[in-house]
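Engineer: From the sequence below, what's the structure:
(chains A, B, C and D)
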Protein chains: 2
Amino acid sequence: MPRTGLPADQLKKKAIDATLARMRLVGFDKVRLSDVARDIGVSHAALYAHFTDKAALLDAVTAQWLQASHAAAIPVTEGNGTPDGQILEWFVTLYRMKRARAIDDPELYRAFDIASALDKPFVIAHLKSRMDQLSSLVMTAGLADGPDALQTANLLYRATAAFHHPTLIAQTAQDDLEPELRRIVELLLRGIHEHSSSRDQDSCGDPNSRTANL
Amino acid sequence: MPRTGLPADQLKKKAIDATLARMRLVGFDKVRLSDVARDIGVSHAALYAHFTDKAALLDAVTAQWLQASHAAAIPVTEGNGTPDGQILEWFVTLYRMKRARAIDDPELYRAFDIASALDKPFVIAHLKSRMDQLSSLVMTAGLADGPDALQTANLLYRATAAFHHPTLIAQTAQDDLEPELRRIVELLLRGIHEHSSSRDQDSCGDPNSRTANL
DNA sequence: TAAGTTACAAAATATGTAACTTGTAACCAC
DNA sequence: GTGGTTACAAGTTACATATTTTGTAACTTA
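Structural biologist: Next comes the predicted model:
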């Protein structure tokens, strides 16, 4: 029985919560194990029974925050009926989520940005989950099938980098770029659909002859 | 007659070139006026006869480099006949140029990145010149007219941020993203054209009904 | 007299040192 | 025997001080 009276998972959770609170209070760079330990009533060395090192604790904090504030399954409002509309709302929701977090929780956003740059496994898994969701929407919208769906999803994701990449979000958070995002996603979706329909109906191809030559 | 025997513009040029060489040698952060001055055989104070302050010298260096390595008028190969093809080649050339510079001249690229973040007038002028060129291509391609052309150009520019933003370029320079860029620009151009043609030919609108509802 | 130099003050950076932080091992408590 | 503490060494950060850099004014030179 632990001397603190708490089972391992509860002490671990307590450490993560205390670290999160500290990070918000003093900033990412100033999180100290000794402070966190004091906050939860143990020595700093006791934290090593639960986390490999300081980085592992910070990863656990960031992963929990990511899980809680960036649900991999991005909620898409059910009222927007068309499959293309679902994709558009997915991107808009992602943009709003990202922007809000950058503004409201800058130190945690910073921790996430750093973890992203380091290709941490939990970040990679999170992104994969997100791309899986987008791929599913791509297939539902009839934009592509099978492995092509993931490729199309990646393409859409990169074309909208300005609206979800951490650095760009931080640079533009004070501006509302949602109208531009909507316009770009619409254009991309139309481009994909038109590309498909031009093969099926050549009799309508004439007004698009300039793009057909690309 | 100057004591160095050089007219003002030549000494200025010599200072700029010496600063450029120093920057490449020791890095942006370690450029010292005293070193530059010694390199060209004057005292550091003599540089103030030609530049307002150190920042002005660094700006002059960056502006010259920008002029030389990022010609505002992006060369577009004349062999690619269609107006849309011109736009695509414009973006591809911009991407290649940016990527090459980030890889080959990291310290100067860094200086430019910093100048960009500070909204230096020469950077703003350079970007405006670039957007004017892109607007012109947009109009030639019949994508938009007048003030709408600049809006469309800005939209295309933001949708391709992943391929020319300094931070993103630095993160992905080792990968060749040109095929993705081509695909994205094609889709955007098709989307824009299809948007225009769907208003002119409603009889062809049926296969695109899902996007027409957006 | 234009274009330099020297001298110097204020600002910025580098360096040395003290204090703090992280990680580990021996030991302890329940 | 699990889950802690204490002690300590190595690494990092904070801070004081030394040094360098930047900018300016008085002076000099061609």
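Engineer: Name the surrounding residues that touch stretch A:39-49.
Structural biologist: Residues from elsewhere that reach stretch A:39-49, judged by C-beta atoms under 8 Å, 6 or more residues apart in numbering or on different chains: A:4, A:8, A:11, A:14-15, A:18, A:21-22, A:33-34, A:36-37, A:57. Every residue, glycine included, has its C-beta placed from N, CA and C.
Engineer: Output it as PDB, restricted to C-alpha atoms.
Structural biologist: Output of stretch A:39-49 as PDB, limited to C-alpha atoms (Å, rounded to 0.1, in the frame of the first residue of the first chain):
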ATOM      1  CA  ASP A  39       1.900  20.400  -4.800                       C
ATOM      2  CA  ILE A  40       0.800  16.800  -4.500                       C
ATOM      3  CA  GLY A  41       2.700  16.100  -1.200                       C
ATOM      4  CA  VAL A  42       5.600  13.900  -2.400                       C
ATOM      5  CA  SER A  43       9.300  14.400  -3.100                       C
ATOM      6  CA  HIS A  44      10.300  15.000  -6.700                       C
ATOM      7  CA  ALA A  45      12.000  11.700  -6.800                       C
ATOM      8  CA  ALA A  46       8.700   9.900  -6.100                       C
ATOM      9  CA  LEU A  47       7.500  11.000  -9.500                       C
ATOM     10  CA  TYR A  48      10.000   8.700 -11.200                       C
ATOM     11  CA  ALA A  49       8.000   5.700  -9.900                       C
END
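Engineer: Next, the buried residues of that stretch.
Structural biologist: Taking 16 or more other C-beta atoms under 10 Å in any protein chain shown as the basis for neighbour counts, the residues of stretch A:39-49 that come out buried are A:I40, A:V42, A:A46, A:L47.
Engineer: ok, now stretch A:22-30?
Structural biologist: For stretch A:22-30, burial by neighbour count (16+ other C-beta under 10 Å) applies to A:R22, A:M23, A:F28.
Engineer: Chain neighbours aside, what residue packs nearest to A:A173?
Structural biologist: On the basis of C-beta to C-beta, 6 or more residues apart in numbering or on different chains, the spatially nearest residue to A:A173 that is not a chain neighbour turns out to be A:A102, at 4.8 Å.
Engineer: can you tell me which residues contact A:D119?
Structural biologist: A:D119 makes no contacts at all, as judged by C-beta under 8 Å, 6+ apart.
Engineer: The closest residue to A:F122 other than its chain neighbours sits in which helix or strand?
Structural biologist: Across the structure, with C-beta to C-beta, 6+ apart as the measure, the residue nearest A:F122 apart from its sequence neighbours is A:A63 (4.3 Å). With elements taken from DSSP states H and E, the one containing A:A63 is helix A:54-69.
Engineer: how about that helix, does it reach DNA strand D?
Structural biologist: No: among the residues of helix A:54-69, none lie within reach of DNA strand D under C-beta under 7 Å from any atom of the strand; the closest is 10.5 Å away.
Engineer: average pLDDT across the next helix or strand after that helix?
Structural biologist: Of the helices and strands lying after helix A:54-69 in sequence (DSSP H and E), the nearest is helix A:83-104. Helix A:83-104 shows a mean pLDDT of 91 in the predicted model.
Engineer: Check the offset of helix A:83-104 from the chain's centre.
Structural biologist: 10 Å (C-alpha atoms, centre = their mean, to the nearest Å).
Engineer: Show me what counts as buried in that helix.
Structural biologist: Taking 16+ other C-beta under 10 Å as the neighbour-count basis, helix A:83-104 is seen to contain the buried residues A:83-92, A:94-95, A:97-99, A:101-102.
Engineer: What score does A:D202 have for pLDDT?
Structural biologist: The confidence metric pLDDT takes the value 37 at A:D202.
Engineer: packing partners for the helix holding A:A63?
Structural biologist: Secondary-structure packing of helix A:54-69 (3 or more C-beta pairs under 8 Å, 6 or more residues apart in numbering or on different chains; DSSP states H and E): helix A:8-26, helix A:33-40, helix A:106-117, helix A:121-140.
Engineer: Let me know how buried the closest residue to A:A8 other than its chain neighbours is, in neighbour terms.
Structural biologist: Closest residue to A:A8 in three dimensions, ignoring its sequence neighbours and counting by C-beta to C-beta, 6+ apart: A:H50, at 6.4 Å. Residue crowding around A:H50 was assessed by other C-beta atoms under 10 Å in any protein chain shown; the count is 18.
Engineer: so A:H50 makes contact with A:K13?
Structural biologist: No: here A:H50 does not reach A:K13: they are 9.8 Å apart, not a contact under C-beta atoms under 8 Å.
Engineer: what residues do the two have in common as contacts?
Structural biologist: If you check A:H50 and A:K13 against C-beta under 8 Å, 6+ apart, no residue is contacted by both.
Engineer: tell me the contacts of A:T62?
Structural biologist: A:T62 sits in contact with A:L108, A:A111, A:F112, A:A115, A:K120, A:F122, where contact means C-beta under 8 Å, 6+ apart.
Engineer: could I get the contacts of stretch A:39-49 as a markdown table with pLDDT?
Structural biologist: Converted to a markdown table, the contacts of stretch A:39-49 look like this (pLDDT from 0 to 100):
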| residue | pLDDT |
| --- | --- |
| A:T4 | 77 |
| A:A8 | 82 |
| A:L11 | 89 |
| A:K14 | 90 |
| A:A15 | 91 |
| A:A18 | 91 |
| A:A21 | 90 |
| A:R22 | 90 |
| A:L33 | 91 |
| A:S34 | 89 |
| A:V36 | 91 |
| A:A37 | 91 |
| A:L57 | 91 |
